[in-house]
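Participant: Below is the sequence, then the predicted model.
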Amino acid sequence: MSSTRDFIEKDYYAALSVAKDADAAAIKKAYRQLARELHPDKNPDNAAAETRFKEVSEAYDVLSDPKRRSEYDEARRLFGSGGFRPGAGGAGGFPGGAAGQPFDLGDLFGQAAGSPGAAGGRAGGLGDLFGGLFGGGGGAAAGPRGRSQAASGPARGQDVETEATLSFDEAVLGVTVPLRMQSPGTCATCHGNGARPGTSPHTCPVCNGAGVTSRSQGAFAFSEPCRECRGTGSVVDDPCPECKGAGVTNQTRTITVRIPAGVKDGQRIRLAGKGAPGRRGGPAGDLFVVVHVSVSELFGRSGSDLTLTVPISFAEAALGTTLTVPTLDAPVSLKVPAGTTSGRTFRVRGRGVQGRSAHGDLLVTVEVAVPKKLTPAAREAIEKLATELPDDPRPEITAALGAGGAR
């Protein structure tokens, strides 16, 4: 949870390296560029980049929302650098604050617009400024209590990552696979409340169920998660023997997942809502499946196209032939014209990988196979054939040699 002081002191414009009068397009462009550079997937095990990524994301969350940006600008104008002197009192400090005495910002922002002591009596006031930013209830009356309700409210479940190994054909055509994995889940013994069956949690005596406690620091009063109940608002005296009071246990479960056609080796697939269940009625997290694709003995892959190399004999290349070549479903016939050179590639349309809008193609490359051993009869036949072939296979080389060789 960010504190009020953090919010006032952070410079979100500097975090994104934009001017204070930057428009929405400039803010979005700056965020996207920084997010790409600092993303954890691009900077593994880089704590500094991860911290900077969080700062950039927090800044964009505020500045991309016109209402929250307006509230932030107003707060910075009133209480930012040079705008407020802690403990100053009277006109130089917070309205109504005596010099040297703590002042609870929740009291200031909880006042209705136009009421005595409101910040300048401005229309609309600042009643929901920090409640809106940090999860509190909207409206001028939402003070520390509103934030405590958010602290002990529903919590989203954790994201879960697992792996799946597919054959080459399965990756290209798509497949439905069962995934067996371990992840946190609601404890079946206590049904998630953390207490031994037959007992129940009771309201935290320190925060009275609020989930947060307040403390004073100089001229500020801050709220923080209650240390007694860890922000839940309730205490378990007799923990569940299965989950030790956590309300969740590691559980083995099997789910059926549809892997779409055309996935690549190393691709990460997100399945929304298939992760760990939420707490206190919160939504489930997401499941990320990292796909590993086995190598095919026949086919290669280039984008959405499949590749296949087929050996042919010299006679087939010279005289032409019709080949039967495999695909991922049924074999197809491929006509090889007479005089085909080794390494020529033929395209069989629509027999590649399923893309977003259409199938890729099958690219068949023919290579003339040269026998490593010849029988005496075969050698005699080839020698005779060589004398009958009319074309010089190396005219450029022959011409260069006739001109005195290459220089």
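Facilitator: Sure thing, it's come through.

Participant: Outline the domain layout of the chain.
Facilitator: Per the record, the chain has its domains at 4-151, 155-200+241-295, 300-375, by automatic domain parsing.

Participant: Out of those, which gets nearest to residue 402?
Facilitator: domain 300-375 (24.3 Å; C-beta to C-beta). Placement of C-beta: from N, CA and C, glycine included.

Participant: starting at the chain centroid, how far to that closest one?
Facilitator: 39 Å (C-alpha atoms, centre = their mean, to the nearest Å).

Participant: circling back: turn the domains of the chain into JSON lines, columns for mean pLDDT, distance to residue 401 and mean neighbour count.
Facilitator: Formatted as JSON lines, these follow (pLDDT from 0 to 100; distance: least, C-beta to C-beta, whole Å; neighbours: other C-beta atoms under 10 Å):
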{"stretch": "domain 4-151", "mean pLDDT": "63", "distance to residue 401": "55", "mean neighbour count": "16"}
{"stretch": "domain 155-200+241-295", "mean pLDDT": "85", "distance to residue 401": "44", "mean neighbour count": "16"}
{"stretch": "domain 300-375", "mean pLDDT": "92", "distance to residue 401": "23", "mean neighbour count": "14"}
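
Participant: can I get those in CSV with distance to residue 384?
Facilitator: Shown next, in CSV, are the domains of the chain (distance: least, C-beta to C-beta, whole Å):
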stretch, distance to residue 384
domain 4-151, 64
domain 155-200+241-295, 44
domain 300-375, 13
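
Participant: Relative to residue 223, which of those domains is closest?
Facilitator: Nearest of these (C-beta to C-beta): domain 4-151, 5.2 Å.

Participant: residues in contact with stretch 238-247?
Facilitator: The contact list for stretch 238-247 (C-beta atoms under 8 Å, 6 or more residues apart in numbering) reads 186-190, 192-197, 199, 236, 249, 279.

Participant: Packing partners of the one helix or strand residue 67 maps to?
Facilitator: Using DSSP states H and E, residue 67 sits within helix 66-79. Other elements packing on helix 66-79 under the criterion 3 or more C-beta pairs under 8 Å, 6 or more residues apart in numbering; DSSP states H and E are helix 4-9, helix 47-63, helix 129-133.

Participant: change it to 6 Å
Facilitator: With contacts taken as 3 or more C-beta pairs under 6 Å, 6 or more residues apart in numbering; DSSP states H and E, helix 66-79 sits against helix 47-63.

Participant: Just want the angle from the helix it packs on to helix 66-79.
Facilitator: 100 degrees (axes from the mean of the first three to the mean of the last three C-alpha atoms, to 10 degrees).

Participant: just how off-centre is helix 47-63 within its chain?
Facilitator: 15 Å.

Participant: Show me what it is packed up against.
Facilitator: So helix 47-63, by 3+ C-beta pairs under 6 Å, 6+ apart, packs with helix 12-16, helix 24-38, helix 66-79.

Participant: Identify the residues contacting it?
Facilitator: 12, 15, 16, 27, 31, 34, 38, 40, 43, 68, 69, 72 (C-beta atoms under 6 Å, 6 or more residues apart in numbering).

Participant: Include distance to residue 293 when you put those into TSV, please.
Facilitator: Below are the contacts of helix 47-63 laid out as TSV (distance: C-beta to C-beta, whole Å):
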residue	distance to residue 293
12	42
15	39
16	38
27	39
31	34
34	33
38	29
40	24
43	26
68	44
69	45
72	47
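
Participant: Name the nearest of these relative to residue 231.
Facilitator: Nearest member of these to residue 231, counting by C-beta to C-beta, is residue 68, at 23.7 Å.
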